[in-house]
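Visitor: structure of the sequence below:
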Amino acid sequence: MRVVDGFEVRDQDGTPYDHPFLGGLNVPRPQLVDIDNDGDLDLFVQEATGQLAFFEQAGTPSEPDFVWRTQAYQDLDIGEWYRFVDMDNDGDYDLLAERRFSYIQYFRNDGSPEDASFTLVADTLKDVNGTPIFSDRQNIPQVTDIDCDGRLDLFIGLLIGTVKRYEEVGRNAENLPLFRLVTDRFQGIEIVAAFGSLHGANTMAFEDIDQDGDQDFFWGDFFEAGLLFIENIGNCATPVLTGEPVAFPVENPLQSSGYNAPAFGDVDGDGDVDLFVGVLGGAFNPNRTTIDNLLFYENEEDGFTARTRRFITNVDMGSESIPAFADLDGDGDLDLLLSNKIDPEQLHTSLIFRFENQGTATRPDFQRAGKMNLEGLYHYAPAFADLDADGDLDMLLGSWKANIAWHRNDGTAKEPRFELVDSAYVTITRGSNTTPTLVDIDADGDQDLFIGESSGAINFYRNVGTPSSPNFEFVSDRFSDIDIGRRSVPTFADLDQDGDQDLLVGSESDGLTFFRNTGTPQAAVFVEDTTFNVDVPPLSVPVFVDIDGDGDLDLFVGGIGGGVVFYENRQRN
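Guide: Residues are numbered from 1 along each chain as shown. So this is what the prediction gives:
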């Protein structure tokens, strides 16, 4: 069972994360909607293609408390974008979303304002001539009544920096608006990046930000580091949006890596609209915003005040996280090590962060406690075991290269000090992105080595040495003919409790693949078992540990978001 807050995890300052095991955010696309009609705004966030996360506002309008409810709201496949809007004028929110590839699908709310239930009615919207309306999947359109005539208008941003406007001219038999193209150049708007003639993927929003009764225009663009604002100097019936775009918020313009997705709503119940911005990452090095990417600005008397760049707090080290568990302080419980692809602040290295378990083996309680003293390579992937039989844990370390490095622990079990012995202790025959794991696969008392890599195969090195003097001998670079596509990450555990080691392999885009060991502890035979099915993020990295000491194995998964997803094993033996 997926759990986002199974136990407390705190940041380096001791502040608990709201949703520690959310998995991280890289490209959050927010929208505020009162989906349950209880008088406050709930928060929807799209992070992954086809999935919509839902955070219910469980507090009060003046003291909001957004609580995660699901990562896949009603299992709706929303493609690359979504918009909630009352399309059929029945008083509840319907849903528009991207239909692969670059069309607009319509989900009608057949429930109620209090209890939404969505049904796919149209797999693509069509104009009055029956022609499907095309909306490039990189661009997030918007629907509003721009001229206050009681009919909906559909706006689609183009890659050339202009805006298409469609207006409702009638309704079909299912009360769905019939749209007619009015113009390819709404109000003459043409967004051009400040440093050249570039324009690209875009988002937009309409909001009466100055409370003068008409809707102003907001635009985020791949080639724009900020958020652009065009004031409506007309009126509700006759909008005029012909001015030059200016940076927003006007008092303190936001700056990010670009492609900023705005969402407005009165979050704090004070009668004015506040601002969320999801940073999708554009032309200004998106590696910088793999953590700081869900911005919240509070609307106050003197303008918009930046409150946080991480509105939803969770364990998030950037992107492409790799978790490992080991008792690094010798206190009898497991600590968490979490590496990233590239550090968003330094941008020249991967880092491995340590979360110390300050609880017990049965009641975990983690706090971030610095990082390991390692820098210089990307995609660090650690594996721990006592390789020299001296009573403490040593480390093998993969990276974006083809090498596995050996770091011997020259400290103690309670105070480790990892010293580099060999930066190319093992070099795989081909590929890169090495992900080592250690397991005694032949039950001879020493640790053997398996390595995942970029091509999707698994490398096997048998330990023909001794428990105190390892000697990894190459056996195969296509172990058991396994090929999971790209970016294989193997891990071993006795999942069926039959006394031998089973194999679970993470991948770039095909989730987790389970291979059951139908052999023996001494002679493993792996057969794929397709009944194993867990929804995991892309670039999945699985680890099994009994984190709560209840006698069964729980599953932790790193992935593209830079955090950790936690699946608690609630099956009792």
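Visitor: so where's the stretch 1-150 of the chain shaky on pLDDT?
Guide: Nowhere does the stretch 1-150 of the chain drop to pLDDT under 70.
Visitor: then the chain?
Guide: Looking at the chain by pLDDT under 70, you get 193-198, 572-573.
Visitor: go again using 90 as the cut-off
Guide: For the chain, the stretches with pLDDT under 90 are 6, 60-62, 172-176, 191-200, 467, 570-573.
Visitor: what helix or strand is Trp219 located in?
Guide: In this structure, Trp219 sits in strand 216-221 according to DSSP states H and E.
Visitor: can you give me the strands in the stretch 1-150 of the chain?
Guide: 2-3, 9-10, 29-33, 42-46, 53-57, 66-70, 82-85, 94-99, 103-109, 118-122, 142-144 (DSSP state E, counting those that start in this stretch).
Visitor: would JSON lines of those strands with distance to Asp440 and mean neighbour count be doable?
Guide: Heads up, the C-betas are built off the backbone N, CA and C, glycines and all. Conversion of the strands of the stretch 1-150 of the chain to JSON lines gives the following (distance: least, CB to CB, whole Å; neighbours: other CB atoms under 10 Å):
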{"stretch": "strand 2-3", "distance to Asp440": "31", "mean neighbour count": "16"}
{"stretch": "strand 9-10", "distance to Asp440": "31", "mean neighbour count": "22"}
{"stretch": "strand 29-33", "distance to Asp440": "45", "mean neighbour count": "22"}
{"stretch": "strand 42-46", "distance to Asp440": "43", "mean neighbour count": "24"}
{"stretch": "strand 53-57", "distance to Asp440": "40", "mean neighbour count": "21"}
{"stretch": "strand 66-70", "distance to Asp440": "39", "mean neighbour count": "17"}
{"stretch": "strand 82-85", "distance to Asp440": "48", "mean neighbour count": "20"}
{"stretch": "strand 94-99", "distance to Asp440": "48", "mean neighbour count": "24"}
{"stretch": "strand 103-109", "distance to Asp440": "51", "mean neighbour count": "22"}
{"stretch": "strand 118-122", "distance to Asp440": "50", "mean neighbour count": "16"}
{"stretch": "strand 142-144", "distance to Asp440": "58", "mean neighbour count": "20"}
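Visitor: quick one: closest of these to Thr289.
Guide: Thr289 lies closest to strand 29-33 among those, at 13.7 Å (CB to CB).
Visitor: what's the closest of the strands of the stretch 1-150 of the chain to Asn285?
Guide: Nearest of the strands of the stretch 1-150 of the chain (CB to CB): strand 29-33, 19.8 Å.
Visitor: circling back: from the contact counts, what lies against the strand holding Trp219?
Guide: With contacts defined as 3 or more CB pairs under 8 Å, 6 or more residues apart in numbering; DSSP states H and E, strand 216-221 has these neighbours: strand 202-207, strand 227-230, strand 260-265.
Visitor: quick one: which of those is nearest Thr362?
Guide: Taking the helices and strands packed on strand 216-221 one by one with CB to CB, strand 260-265 is closest: 41.6 Å.
Visitor: picking up where we left off before, ok, which of the strands of the stretch 1-150 of the chain comes nearest Gln367?
Guide: Proximity to Gln367 (CB to CB) singles out strand 9-10 among the strands of the stretch 1-150 of the chain, at 4.3 Å.
Visitor: buried sites along stretch 508-515?
Guide: By neighbour count with 16 or more other CB atoms under 10 Å, stretch 508-515 contains the buried residues 508, 510-515.
Visitor: contacts for it next, please.
Guide: 456, 480, 482, 484-487, 495, 502-507, 526-529, 531-532, 534-536, 538-540, 542, 557 (CB atoms under 8 Å, 6 or more residues apart in numbering).
Visitor: again, only this time at 6 Å
Guide: Applying CB atoms under 6 Å, 6 or more residues apart in numbering, the external contacts of stretch 508-515 come out as 484-487, 503-506, 526, 528-529, 532, 534, 536, 538-540, 542.
Visitor: only the buried subset of those residues, as a ChimeraX command please.
Guide: Filtering the contacts of stretch 508-515 down to the buried ones (16+ other CB under 10 Å) takes a single ChimeraX command:
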select :484,486,487,503,504,505,506,526,536,538,539,540,542
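Visitor: neighbouring strands - and their directions - for the strand holding Trp219?
Guide: Using DSSP bridges, strand 216-221 pairs in its sheet with strand 202-207 (antiparallel), strand 227-230 (antiparallel).
Visitor: can you list contacts of the next helix or strand after the shortest one?
Guide: So the one you mean is strand 227-230. Once the chain leaves strand 227-230, the next helix or strand it forms, by DSSP H and E, is strand 246-248. Residues outside strand 246-248 that contact it (CB under 6 Å, 6+ apart): 226-227, 229, 253.
Visitor: rebuild these as TSV, extending it with neighbour count.
Guide: TSV is the format used below for the contacts of strand 246-248 (neighbours: other CB atoms under 10 Å):
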residue	neighbour count
Gly226	22
Leu227	27
Phe229	21
Pro253	15
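Visitor: picking up where we left off before, name the nearest of the buried residues of stretch 508-515 relative to Leu41.
Guide: Gly511 (33.1 Å).
Visitor: where does that closest one sit: helix, strand or coil?
Guide: Using DSSP: H, G, I helix; E, B strand; the rest coil, the structure places Gly511 in coil.
Visitor: switch to numbering from 592
Guide: Fine by me, first position is 592 from now on; the one you just mentioned is Gly1102.
Visitor: A strand includes Val1155, no?
Guide: Yes. Applying three-state DSSP, one finds Val1155 inside a strand.
Visitor: the strands of the stretch 592-741 of the chain: which one's closest to Val864?
Guide: Using CB to CB, the nearest of these to Val864 is strand 620-624, at 9.1 Å.
Visitor: tell me which other helices or strands that closest one touches.
Guide: Here strand 620-624 touches strand 633-637, strand 851-856, strand 865-870, going by 3 or more CB pairs under 6 Å, 6 or more residues apart in numbering; DSSP states H and E.
Visitor: orientation of the second one relative to strand 633-637 in degrees?
Guide: Pointing back at strand 851-856 there. The directions of strand 851-856 and strand 633-637 differ by 160 degrees, with axes from the mean of the first three to the mean of the last three CA atoms, to 10 degrees as the criterion.
Visitor: neighbouring contacts of strand 851-856?
Guide: With CB under 6 Å, 6+ apart as the test, strand 851-856 has contacts from 620-623, 632, 794, 796, 798, 809, 811, 818, 864, 866-871.
Visitor: extract the C-alpha set from it and format it as PDB.
Guide: Extracted C-alpha coordinates of strand 851-856, given in PDB (Å, rounded to 0.1, in the frame of the first residue of the first chain):
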ATOM      1  CA  ASN A 851       6.300  28.800 -15.600                       C
ATOM      2  CA  ALA A 852       2.700  27.600 -15.200                       C
ATOM      3  CA  PRO A 853       0.500  30.100 -13.100                       C
ATOM      4  CA  ALA A 854      -2.600  29.200 -11.100                       C
ATOM      5  CA  PHE A 855      -4.600  31.700  -9.200                       C
ATOM      6  CA  GLY A 856      -7.000  31.300  -6.200                       C
END
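Visitor: who does it pair up with?
Guide: strand 865-870 (antiparallel).
Visitor: name the next helix or strand following the partner strand along the chain.
Guide: Reading on from strand 865-870 to the C-terminus, the next helix or strand found by DSSP H and E is strand 885-891.
Visitor: need the CA coordinates for that following strand. PDB is fine.
Guide: Written as PDB, here are the backbone C-alpha positions of strand 885-891 (Å, rounded to 0.1, in the frame of the first residue of the first chain):
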ATOM      1  CA  LEU A 885       6.200  24.900  -6.700                       C
ATOM      2  CA  LEU A 886       6.100  28.600  -5.800                       C
ATOM      3  CA  PHE A 887       3.500  30.300  -3.700                       C
ATOM      4  CA  TYR A 888       3.000  34.100  -3.600                       C
ATOM      5  CA  GLU A 889       0.500  35.600  -1.100                       C
ATOM      6  CA  ASN A 890      -1.500  38.600  -2.200                       C
ATOM      7  CA  GLU A 891      -1.000  41.300   0.400                       C
END
